[in-house]
Structures are given as C-alpha cells and as structure tokens.
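Student: Test case, fold it:
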Amino acid sequence: MKIRADQLSNQLQKSLAPIYLVSGNEPLLVDETCAVIRNKAKEAGIEERIVFDVTPQFSWEVFYTELQSLSLFSPRQIIELRMPTGKPGLKGAEVLLRYAENATLSNKLLIIVCEKLDGTIQRSKWFKAIDSAGIILQIWPVAQPQLPYWIKQRAQDFGLDVSLEGSQLLAEYVRGNLLAASQEIEKLKLIYGIGPIDAKQVAQCVVESSHFDIFDLAASLLAGDINLSLRILRALQEQRVEPTLILWVVVKNLRDLIQLAFAKEKGHSLPETLQSLGIWEKQKNQMLQAAQKFSLRKWLKIYQRAVQIELVIKGVDVGDPWAQCARLCILIAAYP
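Tutor: Now for the predicted structure:
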C-alpha cells in the first residue's frame, strides 16, 4: 500500500508491516523516515539489524538465505536492503517477489531503501508484490517555495523560533540542500540556545561558517564582478577544488545563457524561457541581464572556449587549466 510520509506515524500506530519500501532523492528525509520505522520496531522488541548494500559484488543468494534464516540472538530482525537504483535485476526481482508473496510468514522486518523509482519499476511484478504485502513510501523533495516553511518547522523541533525572514535567508543560502539546512539549524541552537532567532542572527551564523564554493563563483560571474570572480577562483584553487567541478557549474550557466540569447534572437518570451530552464528565483534577474550582454554568437564562442578548457583538464590539450579558467571567467563577467 502506498502512503505519504505524513501518514507513516498513523500507520505505525496501527501495525508494523512486514515490508517497507522507502524511495526518494532527498537523503535526509529518506534516512529520517527509515529511522522512524526502526524506532517503532525497537519499541516492538526488534533490535537486531542487518544491512545489505547492493553493489557489483552483492549476492542475492546470500541475501535470500539471510531472509529465511532464524536468528540465534533475537526472535525478530530488521533486514535493511539499500538498493540505490531500485533495479534488482532478474535474480533480485525473483528474490523480492518470492519473499513478498510469503512475507507474513517471516520473522523479519524488511526495509528497502531506494532512490526515486520510475514508472517502469513501479509496474514490475516485484514492486506490485511489495505494494500488496507491505508499505511503500515515496519521499518527495521540498520545493524551493516551501523550503522556508520547512526550515521554520524544523527549527521549532529544535526549540528555536526562527523568523520567516530568517528562514527565507537560510533557504537561499542552502540552495535546496536539506542536510545543510539541518546542520545550520543545529549550529544556530549551539550558538544562541533555544528561543527566538531573527534574520540578523541567521546572517551572522551563515557569515561565520561560510566559505567560497563553485556556486559563489557562478553568481559573481553573472553579476559581472571580475575582481570577485578571480578572487573566488583563487580561493577554490587553494581549497583544492577540482577544475572539473568549476567548469561544470560554469558550463551549466553558459548553456542557460545560450538558451536565453537564442530566445531573445527569435523573439521568444524570456520570462517563459527562464521558467522552462528551472532557474532559481534568486538567479533569474542576474541570468536575464547577463544573457543580454552579448549576442548569441558571442556566447557560443565563449562556450567553445569552455570546451577547449575541458580538453586541457583531460590532458588531451596542453595548458594550465587554472589560467584557462581565469581567462574564461574574465570573458563571461566582462561587459561589452
């Protein structure tokens, strides 16, 4: 049976299902959902836990044998199967199907953890068997507009009353990373203790813990700040950040800028193009202004320079990748 994450507590109060499948692309929420299930199992006297990770060396035969075995130390066990792709293959699908069909006769509690599952997997026989025998929880990420409210609620769980303005500031800072948001909330509690927290306190905490990252570089390039861009680039080099990562975020922005420049040249709606590209709200104005600095032809030339830098990084072409990245930053940030 499929249920929402907010329905899990009520379901656990009624009974403990023999199988739980938890899927989603937000690690923090997936881990916490699994922890809720494990805590309920512990209350029911199930304390022994065995974890299996599906890797290239993983054996479905060993896993199935463990599912069928009796524990020497506990009447019941938690068997946790971490299968990131959600694709067990033919052998794994057979094992999961066979177990699900007889799950009510087992003394095990099986928890399967996957990333987001596509429609093909959800139409498979093994998935449908688990749907019939147990509980399926699909964990959805927190959308950016809802993130400040998630942060505010999360802070309340820690005894903090973070203002909405402070929650919005923190949401912009973590850029959708819930684990980072949770860590910042814990830091706020350590610094200020329980009680009200305003935006100034949030900003002070963020400033004290911040350091330059590749997204700071992307933002400075869009803003056209050459000096700051080069300073951030030097800091990233000192932090031993791989040039490949830097080029990745720069190229991602270049592709968006090319799409916007193309839309402008064809007379298409730039706001609609921005929306279709899924650009963050905070970036939209900067992206729009940057896209209109140069012609489509100019942006394509800059993109070609980025491709050449990738060849340097891979060793196909000769040159200093950091010097090449610096020149690329100047090209992007400069004004006509």
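Student: Tell me which residues of the helix or strand hosting Leu8 come out buried.
Tutor: Element membership for Leu8, per DSSP states H and E: helix 8-14. Of the residues in helix 8-14, 8, 11-12 count as buried by neighbour count, 16 or more other CB atoms under 10 Å. Backbone N, C-alpha and C define where each C-beta goes, glycine included.
Student: From the residues you listed, pick the one nearest Ser269.
Tutor: Nearest to Ser269 out of the buried residues of helix 8-14 is Leu8 (CB to CB; 42.3 Å).
Student: give me the low-pLDDT residue ranges for this protein?
Tutor: By pLDDT under 70, the low-scoring segments of the chain are 71-74, 207-211, 282.
Student: I'd guessed Ser269 sits against Ala263; true?
Tutor: Yes - in this structure, Ser269 is within contact of Ala263 by CB atoms under 8 Å, at 7.3 Å.
Student: Tell me which of these two has more neighbours.
Tutor: Between Ser269 and Ala263, Ala263 has the larger neighbour count (other CB atoms under 10 Å), namely 20 against 11.
Student: So that one versus Leu270, what's the distance?
Tutor: Ala263 is 6 Å from Leu270, where distance means CB to CB, to the nearest Å.
Student: quick one, helices of the stretch 201-336 of the chain?
Tutor: 214-223, 226-238, 243-266, 270-277, 281-291, 296-313, 321-333 (DSSP state H, counting those that start in this stretch).
Student: which outside residues touch the fourth one?
Tutor: The contact list for helix 270-277, computed with CB atoms under 8 Å, 6 or more residues apart in numbering, reads 256, 259-260, 263-264, 284, 287-288, 291.
Student: which residues in the stretch 1-150 of the chain form helices?
Tutor: 8-14, 27-43, 60-68, 89-101, 119-122, 125-133, 147-157.
Student: May I see the buried residues of the last one?
Tutor: Spelled out, it's helix 147-157. For helix 147-157, by 16+ other CB under 10 Å, it's 147-148, 150-152, 154-155.
Student: Neighbouring strands of the helix or strand just after that helix in the sheet, and parallel or not?
Tutor: Using DSSP H and E, the helix or strand that follows helix 147-157 in sequence is strand 160-162. Using DSSP bridges, the strands paired with strand 160-162 in its sheet are strand 195-197 (parallel).
Student: which residues are contacting the partner strand?
Tutor: 155, 159-163, 166, 188.
Student: Can I get the buried part of the residues you listed as one ChimeraX selection?
Tutor: Of the contacts of strand 195-197, the buried ones go into a single ChimeraX selection, burial set by 16+ other CB under 10 Å:
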select :155,160,162,163,166,188
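Student: separation between the residue nearest to Val251 when sequence neighbours are not counted and Leu81?
Tutor: Leaving aside its sequence neighbours, Val251 sits nearest to Ala306 (CB to CB, 6 or more residues apart in numbering; 5.2 Å). According to CB to CB, Ala306 and Leu81 sit 41 Å apart.
Student: next one: Trp248
Tutor: Counting by CB to CB, the gap from Trp248 to Leu81 is 32 Å.
Student: Please apply the same query to Ala263.
Tutor: For Ala263 relative to Leu81 (CB to CB), the value is 46 Å.
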